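Student: Provided below for reference: sequence and predicted model.
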Amino acid sequence: MITRRVRAQVVAFVLIALVGVSYVGARYAGLDTLFGANAYVVKARLADSGGVFTNAEVTYRGVGIGRVGELHLVADGVEVDLRLRDDAPPVPADVDVIVANRSAVGEQYLDLRPRRDGEPYLRDGSVISRDRGTLPLPSETVLLNLDRLVESVPGDELRSVVDELYLATQGTGPGLQALLDASNSFTKAATEHLPQTTALITDAGTVLATQVATGAAIKDFAANTKLIAEQVGRSDGDLRAVLANAPGAAAEISTLLRDTGPTLGVLFADLLTTANVLAPRRAGLEQLLVTTPQAVAAAADVIRPDGAHFALTTTFFDPMPCVTGYEGTRYRNGLDISPAPWNTNARCSLPPGSGNVRGSQNVPSPGVPPATKPGTYFPTQDTPRLRNSLSELLSLDGG
């Protein structure tokens, strides 16, 4: 028979045990949040539970701030009650919910990762939308993909790779040790110069952004390179012929240069002088090359096997002839065929502003070297522009 004293001791022991368990559960296990004590409830919607369970820990930036409450099935997934402690740091409402694994055995917990700091914060009754949730990759998917990877590796080829790797590393212990030591020194130097390393990584982002901005040009360059490679492939026979004949051609060129000696250099020097003279007159040369075929064709039409065919057109002073500058020439009858001195000073000396100007002195000149007018021995400046209009004659043009 249990005495009253023993009964009282048992009751006291049970009460003390209940109080101790309640304290430990509330203090260390966070069971008080499941009953709404000192906590507010935030609902997070997920496409799947991801293995999370009731009483799983809820962390904010890696620090525990609450526990997972009940899980409810909804039309588009699962709604999870997050019981967050009142004394926990405020969590921004712009937050992502990550279902993460705490260990290799798959103990899941919820991690709240804000996209930005500041208000608004989560409060009692707040809802985190489904698109802000991230679930871990299912273990069965990882194992299935790993199994497929293992099955996709041919056994014979893998054995060959292992054998070749063994042969490649056999006797290279000192070299590998030196490589590891150099890697350790490199890592140590990078750690000692961490600001410079960080700046290098930051600048690399700028370089990569530039590459992204010029992505279209790089693609065009790659496409054009592909076209060139395809053309080279189609011209393989021709290229081989060129390469086969190149030594002979090079030998012939060497023989030519050796035989000509300094004469070739003198020829090029003289051609340079000729080119300097012809370069300012390029427009005239182009006109000459364009007109010469027409002149040759006209000459071929005039001179025929049966004789020359000419046509005479009379103009009767239309336009009027230029007589200024020919005053020193003595008139001779057409029947007078006796010798007479040649008047080298005769030329049309009308000014450039006249309507019937002629003469070699008025031919357009490139100016390099300056043109020489007839009757002189030195280059002359351009002829001043004549005043033709009434305003210019009255000096009203400001000139």
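Tutor: Sure, I can see it. Residues are numbered from 1 along each chain as shown.

Student: and the helices in the chain?
Tutor: 4-27, 139-152, 155-169, 173-192, 194-213, 215-234, 236-260, 262-278, 282-302, 390-393 (DSSP state H).

Student: out of these, which gets the lowest mean score?
Tutor: Sorting the helices of the chain by mean pLDDT places helix 390-393 lowest, at a mean of 47.

Student: returning to what we had before: ok, which of the helices of the chain comes nearest Glu107?
Tutor: Set against Glu107 and scored by C-beta to C-beta, these come closest in helix 139-152, at 12.3 Å. All C-beta spots, glycine's among them, are computed from the backbone N, C-alpha and C.

Student: follow-up on the earlier one: can you put the helices of the chain in a markdown table and add distance to Val323 and mean neighbour count?
Tutor: Putting these into a markdown table (distance: least, C-beta to C-beta, whole Å; neighbours: other C-beta atoms under 10 Å) gives the following:
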| stretch | distance to Val323 | mean neighbour count |
| --- | --- | --- |
| helix 4-27 | 130 | 11 |
| helix 139-152 | 104 | 10 |
| helix 155-169 | 102 | 10 |
| helix 173-192 | 95 | 10 |
| helix 194-213 | 74 | 10 |
| helix 215-234 | 68 | 10 |
| helix 236-260 | 56 | 10 |
| helix 262-278 | 35 | 10 |
| helix 282-302 | 29 | 10 |
| helix 390-393 | 25 | 11 |
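
Student: and of those, who's closest to Asp76?
Tutor: Nearest to Asp76, of those and by C-beta to C-beta, is helix 139-152 at 21.3 Å.

Student: and the angle for the closest one with helix 155-169?
Tutor: If you take axes from the mean of the first three to the mean of the last three C-alpha atoms, to 10 degrees, helix 139-152 sits at 80 degrees to helix 155-169.

Student: distance from helix 139-152 to the middle of the chain?
Tutor: The chain centroid and the centroid of helix 139-152 are separated by 40 Å under C-alpha atoms, centre = their mean, to the nearest Å.

Student: tell me which other helices or strands it touches.
Tutor: Here helix 139-152 touches no other helix or strand, going by 3 or more C-beta pairs under 8 Å, 6 or more residues apart in numbering; DSSP states H and E.

Student: just the CA atoms of it, as CSV, please.
Tutor: This file holds the C-alpha atoms of helix 139-152, laid out as CSV (Å, rounded to 0.1, in the frame of the first residue of the first chain):
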residue,chain,number,x,y,z
SER,A,139,17.8,12.6,-53.8
GLU,A,140,16.2,10.1,-56.1
THR,A,141,16.9,12.4,-59.1
VAL,A,142,20.6,12.8,-58.0
LEU,A,143,21.0,9.1,-57.6
LEU,A,144,19.3,8.4,-60.9
ASN,A,145,21.5,10.9,-62.8
LEU,A,146,24.6,9.5,-61.1
ASP,A,147,23.6,6.0,-62.1
ARG,A,148,23.0,7.1,-65.7
LEU,A,149,26.4,8.8,-65.7
VAL,A,150,28.2,5.7,-64.4
GLU,A,151,26.4,3.5,-67.0
SER,A,152,27.3,5.9,-69.8
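
Student: and the helices of the chain: which comes nearest Leu73?
Tutor: When the helices of the chain are compared by C-beta to C-beta, helix 139-152 sits nearest Leu73, at 21.3 Å.

Student: select, out of the helices of the chain, the one closest to Glu79.
Tutor: helix 139-152 (23.8 Å).

Student: on that earlier part again, so can I have JSON lines of the helices of the chain showing distance to His72?
Tutor: What follows is these, written out as JSON lines (distance: least, C-beta to C-beta, whole Å):
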{"stretch": "helix 4-27", "distance to His72": "24"}
{"stretch": "helix 139-152", "distance to His72": "24"}
{"stretch": "helix 155-169", "distance to His72": "49"}
{"stretch": "helix 173-192", "distance to His72": "50"}
{"stretch": "helix 194-213", "distance to His72": "44"}
{"stretch": "helix 215-234", "distance to His72": "47"}
{"stretch": "helix 236-260", "distance to His72": "71"}
{"stretch": "helix 262-278", "distance to His72": "92"}
{"stretch": "helix 282-302", "distance to His72": "89"}
{"stretch": "helix 390-393", "distance to His72": "99"}
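
Student: which one of the ones you listed lies closest to Glu327?
Tutor: Glu327 sits nearest to helix 390-393 of all those, at 26.8 Å, using C-beta to C-beta.

Student: could you report the distance from Val68 to Leu272?
Tutor: Distance from Val68 to Leu272, counting by C-beta to C-beta, to the nearest Å: 90 Å.

Student: endpoints of stretch 326-341, how far apart?
Tutor: For stretch 326-341, the first-to-last residue distance is 14 Å (C-alpha to C-alpha, to the nearest Å).

Student: now Ser129: closest residue in space that isn't a chain neighbour?
Tutor: Arg45 (6.3 Å; C-beta to C-beta, 6 or more residues apart in numbering).

Student: show me what contacts the one you found?
Tutor: Contact analysis of Arg45 by C-beta atoms under 8 Å, 6 or more residues apart in numbering lists 74, 76-80, 127-130, 133.

Student: among those, name the buried ones.
Tutor: 77-80, 128, 130, 133 (16 or more other C-beta atoms under 10 Å).

Student: can you say which of the helices of the chain is nearest to Arg85?
Tutor: Across these, Arg85 has its closest neighbour in helix 4-27 (11.2 Å, C-beta to C-beta).

Student: how far does the closest one sit from its chain's centre?
Tutor: The answer for helix 4-27 is 76 Å, by C-alpha atoms, centre = their mean.

Student: on that earlier part again, for Phe53, state which of the contacts of Arg45 is nearest.
Tutor: Of all these, Val80 has the smallest distance to Phe53: 10.0 Å, by C-beta to C-beta.

Student: identify the bridge partners of that closest one.
Tutor: Ala44, Leu71 (DSSP bridges).

Student: quick check, it in contact with Leu46.
Tutor: Yes. If you go by C-beta atoms under 8 Å, Val80 and Leu46 touch, sitting 6.3 Å apart.

Student: give me the residue at the spatial middle of this protein.
Tutor: Thr214 (2.6 Å; C-alpha atoms, centre = their mean).

Student: circling back to that earlier point, which among the helices of the chain is found nearest to Pro90?
Tutor: By C-beta to C-beta (comparing all of the helices of the chain), the closest turns out to be helix 4-27, at 22.4 Å.

Student: since that was my last question, I'll sign off now.
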